[in-house]
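>>> quick check, what structure comes out for this input:
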Amino acid sequence: MNENFNRAAGAGKARNMAAEPGLVGSAGDGDIKSTLFNQREPLRQPRTCPPFSENNIGAASDMGVGDFKKQSQQNANSNSTSASKKCNDVDSLVMSSKLSASAPEFVPTGFIPYEETNYYDDSESYDEPTLAEMVTDFLAHLSSSPGSFESDVEHITGMLNAWVTTEELLRELVELIYTQSTAIPNFAYTGARLCNYLSHHLTVSPPKGNFRQMLLQRCQTEYEQRDVAAKGNSETQKKLHSFVLFLGELYLNLEVKSGKGPPNRADILLSALYELMNSLFKNPVDANLICAVKLLKLTGSVLDDAWKDAGKPHMEKLIQRIETILLDAACSRDVRQMLLKLVELRSSDWGRVRAASAASNATPDNDPNYFMNEPTFYTEDGTPFTAADPDYAEKYQEILDRQDYFHGDIYGDGDGAENGNDISDSDGDEMEPEMEEAFENFCLETERKRRQQ
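Predicted structure coming up:
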């Protein structure tokens, strides 16, 4: 009892210490328990070698003590041999490797780096534009915004003065402006204005000619091909027509400074325009005739005055050619109508009024437009009349009498005005002519219905 129930302090610990590893256990199974608790796992292998197989630990529990030690020794020897072999393989792999610990980054084998596509070439983005690109941009801007010509032409000329410094560049500039002026629809007028401005403000002046002289030389080259172009195909004719209209605008806008007095037009273009129209009339197809009509509508009055001042009957000859074409040429009905209208326009002095009477001296006898701005009135039966009508005073007085009758009938004899109900003077403003006419029609219609009752 005392041996089994030892209440002294630490008595339980003394019995349990006999079963701990390294101490003698109870008879019979002391060796096995001691061996099991003395079991130690093998030494850890180097980090570069594969780890010890976990299956050996599980198998140790199924073996005896002696077999387990033997097996453990064999496994340890085999693992050591295998580890040594694998370490040697790893060392040889390290020796033959091309990897470097000092490399900036590690790139796995077979890795394809991503390369960003450069859609914009930085080397070209900072290149200055060529003269052709700059002039094309300027002309496209003026074509889309012709109203900005006055505000932008000085800036454009300043850039051209800084750019165009040689004869070759000046000739290239002339060709660019001529090509764009004859190729862009409805740009002939703005192109001619630009040519006139550059002829006076472009500073470069090489020995072979300034801007205006080179421009006229370019027009001369196209002018010499007029007869062949008038007989050519549609594209060739279209090119000729663009040149003809541009030359007409150039004659109207190009100014040549003289020593004394105001600048004059380039009279050298007068004979060129006359010969161009003769070439068009020699081949009276619809396209050529339409181009001639457009040119005469554009420059007819100016050309007529210039030829009359020079004593040349060129306009009469052109009108005679048109009348002959109307009789003989097989042109379309629309083109024939255009030619007839042109002849009528010239017979009316191109629609101009030469001797208009002064306002102070105008009378119904000497001014046909004397009553043009007078209002139109209507009689009781709806007949219109104006101040030019001989019975104007009588008819107008009848209208006034009817208005007085209606006002007195509706508002009373004078009571409306006394009570402040006079609508004609209520706001102090007179009625507009259209309102007055509408009111008169209303009064007439009311009077007619009243009489029918």
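>>> CA atoms for contacts and neighbours, from now on please.
Will do.
>>> what is the neighbour count of I112?
8 (other CA atoms under 10 Å).
>>> just confirm it is within a strand.
No - per DSSP: H, G, I helix; E, B strand; the rest coil, I112 lies outside any strand segment and is coil.
>>> residues contacting it?
Residues near I112 by CA atoms under 8 Å, 6 or more residues apart in numbering: none.
>>> quick check, pLDDT for it.
We have a pLDDT of 70 for I112.
>>> now do the strands in the stretch 201-350 of the chain.
Here the stretch 201-350 of the chain has its strands, by DSSP state E, counting those that start in this stretch, at 255-256, 264-265.
>>> in JSON lines: these, plus distance to V153 and mean neighbour count.
Below are these laid out as JSON lines (distance: least, CA to CA, whole Å; neighbours: other CA atoms under 10 Å):
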{"stretch": "strand 255-256", "distance to V153": "17", "mean neighbour count": "18"}
{"stretch": "strand 264-265", "distance to V153": "21", "mean neighbour count": "14"}
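>>> rebuild those strands as a markdown table, extending it with mean pLDDT and distance to L296.
As requested, those are exported to a markdown table (pLDDT from 0 to 100; distance: least, CA to CA, whole Å):
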| stretch | mean pLDDT | distance to L296 |
| --- | --- | --- |
| strand 255-256 | 88 | 20 |
| strand 264-265 | 87 | 17 |
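>>> redo those strands as a markdown table? Include distance to R346.
Below are the strands of the stretch 201-350 of the chain laid out as a markdown table (distance: least, CA to CA, whole Å):
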| stretch | distance to R346 |
| --- | --- |
| strand 255-256 | 26 |
| strand 264-265 | 22 |
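>>> which one, of these, ends up nearest to I399?
Among the strands of the stretch 201-350 of the chain, the nearest to I399 by CA to CA is strand 264-265 (58.3 Å).
>>> what strands line up against the closest one, and which way round?
The strands that strand 264-265 pairs with in its sheet are strand 255-256 (antiparallel) (by DSSP bridges).
>>> for the nearest residue to S332 once chain neighbours are set aside, give me its contacts.
Residue nearest to S332 in three dimensions, not counting chain neighbours: D286, with 7.0 Å by CA to CA, 6 or more residues apart in numbering. Counting by CA under 8 Å, 6+ apart, D286 touches C331, S332, V335.
>>> quick check: which ranges of the stretch 51-200 of the chain have low pLDDT?
Scanning the stretch 51-200 of the chain for pLDDT under 70 picks out the ranges 51-91, 93-95, 97-99, 101, 106-111, 113-127.
>>> cool, the stretch 351-453 of the chain as well?
For the stretch 351-453 of the chain, the stretches with pLDDT under 70 are 354-383, 385-393, 395-396, 402-431, 453.
>>> before we move on, back to that, among the contacts of D286, the buried ones, what's the PyMOL command?
In PyMOL syntax, the buried subset of the contacts of D286 is picked out as below (16 or more other CA atoms under 10 Å):
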select buried, resi 331+335
